[in-house]
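> Model the structure of this input:
(chains A and B)
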Amino acid sequence: MSAPANSIEISNLATHYGNRQILHNVSLTVGKGEIMVIMGGSGSGKTTLLNHLLGLKKPSSGTVRILGHDIARLSPIALQRLRTRTGVAFQSGALFSSMSVGDNIALPLREHTGLDETTIGIMTRLKLEVVSLAGFEHLKPAELSGGMIKRAALARAIVMDPELLFCDEPSAGLDPVVASSIDDLILRLRDAMGMSIVVVTHDLDSTFKIADRICVLDKGHVLALDTVDAIRSSTDPRIQNLLNRRTEDSEPDAESYLRRLIGGPAHPPPPPSPTRTPRP
Amino acid sequence: MSADAEPRGFIGFLDRLGRRTATGIAEFGFGASLLGECLYWLGMGRKRRQPVRLAPVVAQAMEIGIGALPIVTVLSATIGIMLAIQGIYTLRLFGAESRVSLGVAMSVVREFGPLITGILVAGRSGSALAARLGTMRINQEIDALTVMGISPVRFLVVPPLLAMLVMLPALTLWSDLVGLFAAGLYIAPQLGSSIGAYVDEMTDLVRLNDVWHGLGKSAIFAVMITVVGVVNGASVTGGAEGVGRMTTRSVVHAISAIVITDMVFVFMVTR
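Predicted coordinates:
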């Protein structure tokens, strides 16, 4: 297999929910061994973009190439093989609640490799050590705290030693200490295993700590795509609002405000959202 | 206003009717394609390097079959006794109560065994399946399976389908035996004979054909309970409330499907 230069290449991706266009012409590349942080306020299309990267949604137009393969054109078996080379840590963890933590982490190994149980057990405990969860493999996900669930999900995502790792909000809802330990973990994974990592987050501290490059999404458009320093020194007011956690005041429109209050149709001008808080 | 609202209301009704019909047909299609996909994984799983494994099938069979054994036993016995009482009461009108064994034998083996077992399993396991899949869906567990390269159908649907296909006929057979025996407990003393004589009579009366009729139906019920549970579980939206709604819906749909299919099956086979 020829080694592609980039782990992810998205070109001109557009997507719709019904008639509403969610992503507009998104293009993005992630190089090998790079940590790309996709950032944006709530409703900016981060999650939708991630779902496209994972192949869970079909784009209206545009292509998504993962590790050199156009995922819309792969045969099912090739897609299955590609998916064993990527790992995903979901926002909620998405651990299988009927299985113990150890079984959760061992599942990809059991399903995709012919390894014997002893080896699988060793590899599972190895990954649990990596995320500092050693000794917890017999617990059920319901018995874990939020931070432990995120770390267990991360362990499951890396158990196949993927070349590409996706993390959806790895530090959301965690206290600063645990969040920072997850950031360290992500950096360590990249440095130790050379993974390319895509992190979707709106946590600024962790973004600046781990990112090589940042992609700022806003209302489905790529607002900026640059290195951490360049984003920090950006003069774009929307980016500055996002970075400085300022609320965004839209110009008041009395007419459409009244129309919304009486529950009438909100056109002709689509109502501007009154405030945007980048961080809850 | 009212003159204007009348046709609008009617068109609105047609609109809703059309949409609901389309949704219903889509659901049917989803169920059928799901079944097809299950068969595909059963046949092709090994080639696609995703074989259907025995352990989860056995675990499901324990849950669906063995777990239902006590309640199936109790209800089958109750139905058997009930049929015996009603049979003797009815036949006494003609002075033919000695023929009650025949009626009980036919109705338990051909109808009540499969029906009561199917309804019980739909309530116990069909709903559990819908609730489990629904919860997994809203927790993104199904997405997690997909991105791991594990087919959710192969991993989550085929095991309960296989388990159901084995266990429902087995439970039905058990239900037949229990129902007939319990009926005998009432009939034998009422007719002044012995349990031994009743069992003898039964082995003469019950033909293999009737047993197959019942077991064949229960196999169809097994497929329907699974597919209805999975379709409803997979269409859950809207959090915990959605899971509850779809679970209820799956039980109602499964039981309706069982009763209606039963009638159609009998109509096709018996005449």
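> got the contact list for stretch B:115-127?
Identification of contacts with stretch B:115-127 by CB atoms under 8 Å, 6 or more residues apart in numbering or on different chains yields B:63-64, B:67-68, B:71-72, B:75-76, B:79, B:160, B:164, B:167-168, B:171-172, B:175, B:217-218, B:221-222, B:225-226, B:228-229, B:247-248, B:250-251, B:254-255, B:258-259, B:262. Just so you know, the C-beta spots here come from the backbone N, C-alpha and C atoms, and that holds for glycine as well.
> any idea how far the residue of the stretch 101-250 of chain B found nearest chain A is from residue A:113?
Closest to chain A within the stretch 101-250 of chain B is residue B:149: 3.5 Å, counting by CB to the nearest CB. Distance, residue B:149 to residue A:113, using CB to CB, to the nearest Å: 12 Å.
> Who has more neighbours out of those two?
Applying other CB atoms under 10 Å in any protein chain shown to residue B:149 and residue A:113 shows that residue B:149 carries more neighbours, namely 22 against 13.
> Not counting its neighbours along the chain, what's nearest the more buried one?
The shortest distance from residue B:149 to any residue other than its chain neighbours is 3.5 Å, reached at residue A:83 (CB to CB, 6 or more residues apart in numbering or on different chains).
> Let me see the confidence value for the residue in the stretch 1-150 of chain A positioned nearest to chain B.
At 3.5 Å from chain B, residue A:83 is the closest residue in the stretch 1-150 of chain A, using CB to the nearest CB. Residue A:83 carries a pLDDT value of 90.
> Would you map the helices across chain B?
Along chain B, counting by DSSP state H, helices occupy B:2-44, B:54-64, B:69-92, B:100-107, B:113-121, B:127-138, B:141-147, B:152, B:158-190, B:195-205, B:208-234, B:239-270.
> Report the angle between the fourth one and helix B:113-121.
This means helix B:100-107. Going by axes from the mean of the first three to the mean of the last three CA atoms, to 10 degrees, helix B:100-107 is angled at 50 degrees with respect to helix B:113-121.
> So if we follow the domain assignment, how does chain A break up?
Domains of chain A are assigned by automatic domain parsing as A:1-85+A:163-246, A:96-161.
> Any regions of the chain where pLDDT drops low?
By default, I'm working from chain A. Across chain A, the ranges flagged by pLDDT under 70 are A:1-4, A:247-251, A:264-280.
> hmm, I had chain B in mind actually
Within chain B, the ranges that satisfy pLDDT under 70 run B:1-7.
> At the contact with chain A, which residues of it appear?
Listed as neighbours of chain A in chain B under the rule CB under 8 Å from any CB of the partner chain: B:48-50, B:132, B:135-136, B:139-141, B:143-144, B:146-151, B:155.
> and those, which are buried?
Listed as buried from these are B:50, B:132, B:135-136, B:139-141, B:143-144, B:146-151, B:155; burial here means 16 or more other CB atoms under 10 Å in any protein chain shown.
> quick one: contacts for residue 110?
Looking at chain A here, since you left the chain open. Neighbouring residues of residue A:110 by CB under 8 Å, 6+ apart: residue A:120.
> Actually, chain B is the one I wanted.
Taking CB under 8 Å, 6+ apart, we find residue B:110 in contact with B:210, B:213, B:214.
> was I right about the second one contacting residue B:269?
Pointing back at residue B:213 there. Yes - counting by CB atoms under 8 Å, residue B:213 sits close enough to residue B:269 to count as a contact (6.6 Å).
> quick one on the thing from earlier: any idea how far the residue nearest to residue B:149 is from residue A:166?
For residue A:83 relative to residue A:166 (CB to CB), the value is 11 Å.
> quick check, residue A:82 in a helix?
Yes - if the criterion is DSSP: H, G, I helix; E, B strand; the rest coil, then residue A:82 is within a helix.
> Just give the number of residues close to it.
If you count neighbours by other CB under 10 Å, residue A:82 ends up with 19.
> The residue nearest to it when sequence neighbours are not counted: neighbour count?
Nearest residue to residue A:82, sequence neighbours excluded (CB to CB, 6+ apart): residue A:69, at 5.7 Å. Number of residues near residue A:69 (other CB under 10 Å) recorded here: 17.
> Leaving out the residues flanking it, which one is nearest to residue A:115?
residue A:109 (5.9 Å).
> Please list all residues in contact with that neighbour.
By CB under 8 Å, 6+ apart, the contact set of residue A:109 is A:115, A:120, A:123, A:124, A:159, A:160.
> how close does the fourth one get to residue A:118?
So that's residue A:124. From residue A:124 to residue A:118 the distance is 11 Å (CB to CB).
> More neighbours: residue B:213 and residue B:269, which one.
Shown here are residue B:213 and residue B:269; by other CB under 10 Å, residue B:213 has more neighbours (19 against 11).
> Next one: the more buried one from residue B:268, what distance?
According to CB to CB, residue B:213 and residue B:268 sit 11 Å apart.
> interface residues of the stretch 1-150 of chain A facing chain B?
Within the stretch 1-150 of chain A, the residues that sit near chain B (CB under 8 Å from any CB) are A:54-56, A:76-77, A:79-84, A:86, A:88, A:90-92, A:94-98, A:107-108, A:111-112.
> For ChimeraX, write the select line for the buried members of these.
Selecting only the buried entries of these in ChimeraX, with 16+ other CB under 10 Å as the criterion:
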select /A:54,55,79,80,82,83,84,86,88,90,91,92,94,95,96,107,108,111,112
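> Okay, and which of the residues of the stretch 1-150 of chain A next to chain B map to helices?
Using DSSP H, the members of those that fall in helices are A:76, A:77, A:79, A:80, A:81, A:82, A:83, A:107, A:108, A:111, A:112.
> Quick check: of those, which lies closest to residue A:181?
residue A:108 (23.7 Å; CB to CB).
> Could I get the contacting residues of that closest one?
By CB under 8 Å, 6+ apart, the residues touching residue A:108 are A:84, A:156, A:159, A:160, B:148, B:149, B:150.
> and the nearest residue to the last one once chain neighbours are set aside, what is it in contact with?
Taking CB to CB, 6+ apart, and ignoring the residues beside it in sequence, residue B:150 has residue A:111 as its nearest neighbour in space, at 5.3 Å. Shown in contact with residue A:111 (CB under 8 Å, 6+ apart): B:50, B:148, B:149, B:150, B:155.
> Could you report the distance from residue A:111 to residue B:154?
Residue A:111 is 10 Å from residue B:154, by CB to CB.
> Look up the residues that both of those two are in contact with.
Residues touching both residue A:111 and residue B:154 (CB under 8 Å, 6+ apart): residue B:50.
> ok, residue A:124 and residue A:118, which is more surrounded?
Comparing residue A:124 with residue A:118 by other CB under 10 Å, the one with more neighbours is residue A:124, at 23 against 8.
> Just list whatever residues bridge to residue A:23.
Under DSSP bridges, the beta-bridge partners of residue A:23 are residue A:15.
> do the same with residue A:197
Assigned bridge partners for residue A:197, using DSSP bridges, are residue A:35, residue A:165.
> One more: residue A:93?
Beta-bridge pairing of residue A:93 under DSSP bridges involves residue A:90.
> Can you give me the buried ones in stretch A:56-73?
A:57, A:59, A:62, A:64, A:65, A:66, A:67, A:69, A:71.
> Stretch B:166-177 now?
Neighbour counts over stretch B:166-177 (16+ other CB under 10 Å) mark B:166, B:167, B:168, B:169, B:170, B:171, B:172, B:173, B:174, B:175, B:176, B:177 as buried.
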